[in-house]
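Participant: Sequence first, then the predicted structure, then my questions.
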Amino acid sequence: MLSIKNLSAAISDKEILLGITLDFEPGKTYVVLGPNGSGKSTLAATIMGRPDIAVTDASELAWNGENLKALSADKRARLGIFLSFQSPLPIPGVSVEELLRCALDGEKDLVALHKELRGFAKEIGLDEEFLSRSIHDGFSGGERKKVEAIQAAALAPSLAIFDEIDTGTDTDAVKRIAEFLSAHLPQEATKIFITHSPKLIELLRPDSVVILKEGRVVAEGGRDLAVKTIKEGFEGIK
Ligand code: ADP
Ligand code: MG
């Protein structure tokens, strides 16, 4: 379980998260919503351990009882925490397959991984040549997001966070990504989706919805809260 208590965080002395308390349970799907600039991406990056985010001493951030604050991002990844970025950066010279081979070194047979990735590409509707191209280098928005989803499936994380996996994708791609992730993410994984896409929310059928505003949690509820908020906007939520 991911347990967040009184989490406050700042970037370059600008306070962005202001005392967030939330629990994310195994096997459940969460949707996080909030106006632009409310701190959703910062929350995701803080959980993952982005080094330029300063977390206050009073904050608690624990994964299955282990204090994440003491661990660097790579160590958090080794614990099974995965973050798909809102705007993934290209890494020229490193292919998707090479990246996953390094990450899964000793855990998966390389031939089996190669076969699995080809199967994933076919299933999500991506030409398999993308697996050998430099990651995200010249990829379209939709192609980037599909590659992010393939990485999540291959890594089989126990905590998977998707920061706007739908941005830049067309309706068909959103459907394919949602179906792909539902089929391939481990059942027992904790899944957190930051999204405003009604289509994605409908397909994901989240157990719980969290609304952030100005660095604070302002509402928590079920799927109906997401539907209502998307329809009526964030204005009415204090
Ligand atoms: P959201 O994902 O909800 O749109 P973000 O977490 O990206 O919001 O940003 C929250 C706030 O933090 C915004 O006001 C943004 O300008 C600010 N912020 C994000 N990154 C930085 C940074 N590197 N330096 C200064 N401010 C930042
Ligand atoms: Mg964001």
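Facilitator: Received the coordinates, thanks. Residues are numbered from 1 along each chain as shown. Ligands and ions are numbered 1, 2, ... in the order given.
Participant: got the buried residues for stretch 224-238?
Facilitator: Buried residues in stretch 224-238, counted by 16 or more other CB atoms under 10 Å: 225-226, 229, 234, 237. Where you see a C-beta, it was placed from the backbone N, CA and C, and this is true even at glycine.
Participant: Secondary structure element for the nearest residue to residue 177 once chain neighbours are set aside, which one?
Facilitator: Distances taken as CB to CB, 6 or more residues apart in numbering place residue 149 nearest to residue 177, at 5.0 Å, with adjacent residues excluded. Assignment of secondary structure by DSSP states H and E places residue 149 within helix 141-155.
Participant: picking up where we left off before, pick out whichever of the buried residues of stretch 224-238 sits closest to residue 106.
Facilitator: Within the set of those, residue 226 lies nearest residue 106; the separation is 40.1 Å, counting by CB to CB.
Participant: I'd guessed that closest one sits against residue 206; true?
Facilitator: Yes. In this structure residue 226 lies within contact range of residue 206 using CB atoms under 8 Å: 7.1 Å.
Participant: what touches both of the two?
Facilitator: Overlap between the contact sets of residue 226 and residue 206, as judged by CB atoms under 8 Å, 6 or more residues apart in numbering, is given by residue 31.
Participant: follow-up on the earlier one: how about TSV for the buried residues of stretch 224-238, with pLDDT and secondary structure added?
Facilitator: As requested, the buried residues of stretch 224-238 are arranged in TSV below (pLDDT from 0 to 100; DSSP: H, G, I helix; E, B strand; the rest coil):
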residue	pLDDT	secondary structure
225	93	helix
226	93	helix
229	92	helix
234	90	coil
237	78	coil
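Participant: Save those residues as TSV, and put in distance to ligand 2 too.
Facilitator: Listed next are those as TSV, based on distance: CB to the ion, whole Å:
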residue	distance to ligand 2
225	19
226	17
229	16
234	14
237	18
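Participant: out of those residues, who's nearest residue 189?
Facilitator: Where those are concerned, and distances follow CB to CB, residue 189 has its nearest neighbour in residue 226, at 20.3 Å.
Participant: Next up, the contacts around that closest one.
Facilitator: Neighbours of residue 226 in contact, by CB under 8 Å, 6+ apart: 31, 33, 198, 201, 206, 209.
Participant: Residue 12: which of those residues is nearest?
Facilitator: Distances from these to residue 12 were compared by CB to CB; the smallest belongs to residue 33, at 25.7 Å.
Participant: Nice, that's everything, thank you.
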